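**Student:** no sequence for this one, just the structure:
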């Protein structure tokens, strides 16, 4: 849950607060959960709604800036690299940083679709249900998000 809200919000402190809010809402609404259904979509919907609430807050808008991977203590060390050797590791770390920056540069609705699709592995139909959109709208948002990320990465030299 923390990984999802962290990717959506891009800030460790906000993600910690959001994760706590998610679990509080889960605790309060647990009696509404249908035991015959998979709880994952319900949990993801709560998490994305909490992140939307954070995005709408004035404090988030005033304080939010694009974070560098170097600005988040310990984040670089937690990223897994499959590259071999110091040069390969450095290139992989730079690519990861640029992709992270491109993701954070997206408007929240576009970032949400990319995170749910790429990091959480959800299908377009599942994302549509969570976002309250039709599947075609989700596909369009995803396409726009990738195009914007591509432009950002191209400007960054990747």
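**Tutor:** Everything's here; your move. A quick note: this is a predicted structure, and the numbers were derived from the prediction, not measured.
**Student:** tell me the domain ranges of this structure?
**Tutor:** Following automatic domain parsing, one finds the domains of the chain at 1-64, 90-158.
**Student:** could you identify which of the ones you listed is most buried?
**Tutor:** domain 90-158 (a mean of 17; mean count of other C-beta atoms under 10 Å). C-beta here means a position set from N, CA and C on the backbone, and glycine is covered the same way.
**Student:** span of that domain from start to end?
**Tutor:** Domain 90-158 has an end-to-end distance of 14 Å (C-alpha to C-alpha, to the nearest Å).
**Student:** least reliable of the domains of the chain by average pLDDT, please.
**Tutor:** Averaged per stretch, pLDDT over the domains of the chain is lowest on domain 1-64, reaching a mean of 85.
**Student:** contacts for stretch 147-155?
**Tutor:** Applying C-beta atoms under 8 Å, 6 or more residues apart in numbering, the external contacts of stretch 147-155 come out as 98, 99, 101, 102, 103, 105, 106, 110, 114.
**Student:** what are the ranges of the helices in the protein?
**Tutor:** In the chain, the helices defined using DSSP state H lie at 2-9, 12-29, 40-56, 58-63, 75-78, 85-105, 108-114, 124-131, 135-155.
**Student:** quick one: residue 111 from residue 145, how far?
**Tutor:** Between residue 111 and residue 145 the computed distance is 7 Å (C-beta to C-beta, to the nearest Å).
**Student:** where do the contact lists of those two overlap?
**Tutor:** Taking C-beta under 8 Å, 6+ apart as the contact criterion, residue 111 and residue 145 have no common neighbours.
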